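**Q** quick one, what's the 3D model for this:
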Amino acid sequence: MAQAFGIDLSHHRSARVTREQLASADLVVAMDLENVQRLKAECPEALSRTTLLGLFSVPATAAIADPYNADEDATGKICDQVRSGVQGLVRCFPSRKSVPYHDQVPTAAQSAR
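**A** A predicted model of the protein is given here:
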């Protein structure tokens, strides 16, 4: 599916977040309540710095699905939710310095063309 967006993930491998990464994070962003519950059980000290990405999307949602094994249409919609959530999250931190964002991943509508 990533190839449809012009992205090469052949060298990417997912990995569990480590306790050290969580301890050093200013903000922990989870995709759904199951992620938050696991975090609460495994690293409760990070819970106060944890939020759900979907709460920042338009429309807001408590869960953004895992696109693993999803078909192309569903994956495109999930990518749109993630994009919306990230954009909403960025708007919450207007005083932070940021690098220019270059939208390299097309929306679901653009990838259908």
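
**Q** where does pLDDT dip in the chain?
**A** 1, 95-113 (pLDDT under 70).

**Q** how about 80 then?
**A** Where the chain drops to pLDDT under 80, the residues are 1-5, 93-113.

**Q** do a quick rundown of the strands in it.
**A** Assigned by DSSP state E, the chain shows strands spanning 28-30, 50-52.

**Q** CSV please, covering those strands and showing distance to residue 77 and mean neighbour count.
**A** For the C-beta atoms, the positions are set from N, CA and C on the backbone; glycine is no exception. CSV is the format used below for those (distance: least, C-beta to C-beta, whole Å; neighbours: other C-beta atoms under 10 Å):
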stretch, distance to residue 77, mean neighbour count
strand 28-30, 19, 18
strand 50-52, 17, 17
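
**Q** now those in a markdown table, with distance to residue 67?
**A** Formatted as a markdown table, those follow (distance: least, C-beta to C-beta, whole Å):
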| stretch | distance to residue 67 |
| --- | --- |
| strand 28-30 | 16 |
| strand 50-52 | 17 |
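
**Q** what's the closest of those strands to residue 69?
**A** strand 28-30 (20.2 Å; C-beta to C-beta).

**Q** list the neighbouring strands of that closest one plus their orientation.
**A** With DSSP bridges as the test, strand 28-30 is paired with strand 50-52 (parallel).

**Q** contacting residues for the residue nearest the centre of the chain?
**A** Nearest to the mean C-alpha position of the chain, by C-alpha atoms, centre = their mean, lies residue 82 at 5.1 Å. By C-beta atoms under 8 Å, 6 or more residues apart in numbering, the contact list for residue 82 reads 53, 57, 64.

**Q** all good on my end, thank you.
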